[in-house]
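Chemist: The sequence isn't on hand, but the structure is:
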C-alpha cells in the first residue's frame, strides 16, 4: 500500500491515516476528509471535516502532499494548514479525554467572516479559510491559538518542509532504510512536547499516550538513544522531569503526569473516586506507581547522558536518588540477584512475572556499571560497593540462570523452579549490559535468529513478517492478563520495533551479519499494511498498536550509531 521513494518519502495511490505530532498539536489526518485533533496536556479538540484530498499521496513527517493540495503542520506554534480543500464542519469534543467524567459546559462556537472560534472548557480552536486553504490553530488559551493563526500559509508549509528535511538523517541509504530512519527520527523528535509557554513538557510515548499527558522512564529511555546526539539538552530536561517522580526510598512510577490544569483536575477526580485507581496511581503525579524497572532506567539515563555529553550536573543533583535506588535493589536481592514481586509492573505489564526476571536483571547490571562510572568522582565508596555487587550479580546470573539447553529464561520462580523458559527479546538486556559471558551471548543471538526471526521459524505459522518478542507463547495462563492472554498478541509474540532495534544493535556491536532483518523488516511490513510511521507493536493476526511511538525510533538510532557499517550493507 505504501512505497518508499529514493528521497526517503513514502507514496501511495490510496489514502492512509497520517499521524501528526508537533510540540503541541497532534492528531490523525484522514485524507478522505477528517482531521481528529488534540493539544498536548490540554486534551481532545474534536473532529474537523473537509472535502477529500485526491491522490496520489506523498507522505513525510507531519505532512502529506497531493497534486492539488496537502496538509502541513508547523513546528513553532500549534497550527497546521490543509491545502486545496473546502470546509465541511467541525464537531467539538465533549470532554478532554475518553475517561473524563467531569461535567463540562457546552463549547461555544462563534463566527466572524472566514474565521471560526471554538471555545472548549480546556482549550481554544481557531479555523480560518484562506482561499483554497484551511488553517487550523489551537492552544490552551486564546493567546496561544492566535499566535499560531498569525502564521502565513507559506510559513507553515516552510516549517513543515524544513522539519521533514531535518528528519532525513541517512540520505545515502536505500529507500527502505532511508525512509525508516526518517520516520524513526521523526518519532523521537516529535516525542519532545512543550507546554503553552514553550517549556519542555516531557517525552510523549506515542500518539495514543497523551491522556493524561505523561512521560515514561522506560519508553523515554529508548527514545532518548537517538536524542542524545540530536537534542542532548532535551535529555537533560527529561532527567529533571523524571527526578520529580523518584521517591526517597528509590521507588519510581512507570511515568510522571504532566497534564495541564483542566485535564489534571479531571484525572485527579477519576483517580480518587474509581475503586482501585488510587492504589494503582498512588500519588497525584504518578502514572502507575512502583514499577520495577523505572528506577533502573533513571540511573541508566544518567549514565548515558554523561557519556554522551560529559555534563555531570544532573548527577550531582540526583546522586541521593542514585544511592537510594542502589540500596533498594540490594535490599530486594537474594543470593546476589534482585527478586521481582509477583506483579505486572515492568515493561511486560500484561504479565505477572516474578522471581528472577532476565530483563530486569540485565537492567540492574547496567545500572550497577553506571553507578561505578558515575561514582568514581561523586562517591568512591558507593562506586566500590557497586563494583563488587556487579561482580557478584554476574556470577549469580551464570550460576542460577543459565539453562541446561543454553540461553537464559524469561523468568524463574527461583533457582530451582522455571516459570517461563521460552525465548524472549527483552532478555537481551543481559547482553546489552554484558551481564553474561561473550560465548553465551553469541549462543543466545543464534537462538534468537532461529527462533524469533519469523523468516526462520515456520512453526509460528504466519510466514515472514518480522520479529516475535516471545516464542513459544506463554505456557502459564495464570500469569497473563488483558491482550497478552492471546498468543502472538502484545507481549505474547508481537513485533515491537524497539526490541528489534535492541537485537539489531547487539548483532552490530559484535560484527555479526543478520542485523538488517530486525532493523527494517518491521518497517517493510508496516508499509505493506498502509501504516504510516513508527507503530508501537503489531502481528499478522492482531493488527497494530499506537501510531508514531517514540521508542520505536530505536532501530533508526541503531542505524545511525553504526552508520558506516550499515551503509556497506548486510551480507546476510
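Modeler: All right, it came through fine. Computed from a prediction, not measured in an experiment: that's the story for all the values here.
Chemist: List the buried residues of stretch 93-113.
Modeler: Of the residues in stretch 93-113, those with enough neighbours to count as buried (16 or more other C-beta atoms under 10 Å) are 93, 95, 96, 97, 100, 102, 107. For the C-beta atoms, the positions are set from N, CA and C on the backbone; glycine is no exception.
Chemist: Out of these, flag the one nearest to residue 487.
Modeler: residue 97 (31.6 Å; C-beta to C-beta).
Chemist: In what element of secondary structure is that closest one found?
Modeler: For residue 97, there is no enclosing helix or strand under DSSP states H and E.
Chemist: ok, and the closest non-adjacent residue to it?
Modeler: With C-beta to C-beta, 6 or more residues apart in numbering as the measure, residue 211 is the residue that lies nearest to residue 97, at 3.6 Å, once sequence neighbours are left out.
Chemist: any idea how far residue 287 is from that neighbour?
Modeler: 11 Å (C-beta to C-beta, to the nearest Å).
Chemist: following the helix or strand that contains residue 81, which helix or strand comes up?
Modeler: Element membership of residue 81, judged by DSSP H and E, is strand 79-83. Once strand 79-83 ends, the next helix or strand along the chain (criterion: DSSP H and E) is strand 87-92.
Chemist: Residue 342 and residue 352 touch, don't they?
Modeler: Yes. The pair residue 342 and residue 352 passes the contact test of C-beta atoms under 8 Å, sitting 5.3 Å apart.
Chemist: So which of the two has more stuff around it?
Modeler: When residue 342 and residue 352 are compared for neighbours, residue 352 comes out ahead with 19 against 11, by other C-beta atoms under 10 Å.
Chemist: That one and residue 481 touch, don't they?
Modeler: Yes. Contact status for residue 352 versus residue 481: in contact at 7.4 Å, counting by C-beta under 8 Å.
Chemist: list residues touching both of these two?
Modeler: Between them, residue 352 and residue 481 share the neighbouring residues residue 344, with contact defined by C-beta atoms under 8 Å, 6 or more residues apart in numbering.
Chemist: Show me the helices in the stretch 101-250 of the chain, by range?
Modeler: Per DSSP state H, counting those that start in this stretch, the stretch 101-250 of the chain has helices spanning 142-149, 153-167, 175-190, 217-230, 232-243. These are given in chain order.
Chemist: Distance to residue 366 and mean neighbour count for those - can I get that in CSV?
Modeler: What follows is the helices of the stretch 101-250 of the chain, written out as CSV (distance: least, C-beta to C-beta, whole Å; neighbours: other C-beta atoms under 10 Å):
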stretch, distance to residue 366, mean neighbour count
helix 142-149, 41, 18
helix 153-167, 29, 18
helix 175-190, 21, 26
helix 217-230, 11, 24
helix 232-243, 16, 19
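Chemist: Would you mind giving those helices as TSV with mean pLDDT and distance to residue 283 added?
Modeler: As requested, the helices of the stretch 101-250 of the chain are exported to TSV (pLDDT from 0 to 100; distance: least, C-beta to C-beta, whole Å):
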stretch	mean pLDDT	distance to residue 283
helix 142-149	97	29
helix 153-167	98	36
helix 175-190	98	28
helix 217-230	98	15
helix 232-243	98	14
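Chemist: Let's have the ones you listed in a markdown table, adding distance to residue 277.
Modeler: Formatted as a markdown table, the helices of the stretch 101-250 of the chain follow (distance: least, C-beta to C-beta, whole Å):
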| stretch | distance to residue 277 |
| --- | --- |
| helix 142-149 | 31 |
| helix 153-167 | 38 |
| helix 175-190 | 29 |
| helix 217-230 | 20 |
| helix 232-243 | 22 |
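Chemist: how much space is there between the residue nearest to residue 97 and residue 242?
Modeler: Computed with C-beta to C-beta, the distance linking residue 211 and residue 242 is 20 Å.
Chemist: of the helices of the stretch 101-250 of the chain, which approaches residue 53 most closely?
Modeler: Within the helices of the stretch 101-250 of the chain, the stretch nearest residue 53 is helix 153-167; the backing value is 14.9 Å (C-beta to C-beta).
Chemist: tilt between that closest one and helix 142-149?
Modeler: Between the axis of helix 153-167 and that of helix 142-149 there is an angle of 80 degrees, by axes from the mean of the first three to the mean of the last three C-alpha atoms, to 10 degrees.
Chemist: Widest-spaced pair of the buried residues of stretch 93-113?
Modeler: In the buried residues of stretch 93-113, the most distant members under the criterion C-beta to C-beta are 97 and 107, with 15.2 Å between them.
Chemist: following the least confident helix or strand in the chain by mean pLDDT, which helix or strand shows up next?
Modeler: Of all the helices and strands that make up the chain, strand 417-420 has the lowest average by mean pLDDT, DSSP states H and E, namely a mean of 79. On the C-terminal side of strand 417-420, the closest following helix or strand by DSSP H and E is strand 423-424.
Chemist: neighbouring strands for that next one, and are they parallel or not?
Modeler: When pairing is defined by DSSP bridges, strand 423-424 lines up against strand 470-471 (antiparallel).
Chemist: on that earlier part again, since we're on the residue nearest to residue 97, how many residues are nearby?
Modeler: The number of residues packed near residue 211 is 22, by other C-beta under 10 Å.
Chemist: Now do the contacts for it.
Modeler: With contact set as C-beta under 8 Å, 6+ apart, residue 211 has these partners: 38, 43, 44, 96, 97, 98, 99, 259, 263.
Chemist: With residue 148 instead?
Modeler: 74, 77, 78, 79, 126, 137, 138, 139.
Chemist: Kindly recompute the last result at 10 Å.
Modeler: Contact criterion C-beta atoms under 10 Å, 6 or more residues apart in numbering gives 24-25, 74, 76-80, 126, 135-139, 156 as the residues in contact with residue 148.
Chemist: go on, residue 526?
Modeler: 1-2, 10, 180, 183, 466, 495, 497, 532-535, 538, 544, 547, 552.
Chemist: Closest one to residue 206 out of these, please.
Modeler: For the contacts of residue 526, the nearest to residue 206 is residue 547 (7.0 Å; C-beta to C-beta).
Chemist: how much space between that closest one and residue 341?
Modeler: 33 Å.
Chemist: What residues sit buried inside stretch 398-412?
Modeler: Within stretch 398-412, judged by 16+ other C-beta under 10 Å, the buried ones are 400, 401, 402, 407, 408, 409, 410, 411, 412.
Chemist: How far does it stretch from one end to the other?
Modeler: Its start and end residues considered, stretch 398-412 measures 14 Å (C-alpha to C-alpha, to the nearest Å).
Chemist: from the chain's centre, how far out does it sit?
Modeler: What separates the centre of stretch 398-412 from the centre of its chain is 29 Å, taken as C-alpha atoms, centre = their mean, to the nearest Å.
Chemist: where's the dip in pLDDT among the buried residues of stretch 93-113?
Modeler: Across the buried residues of stretch 93-113, the smallest pLDDT goes to residue 102, namely 90.
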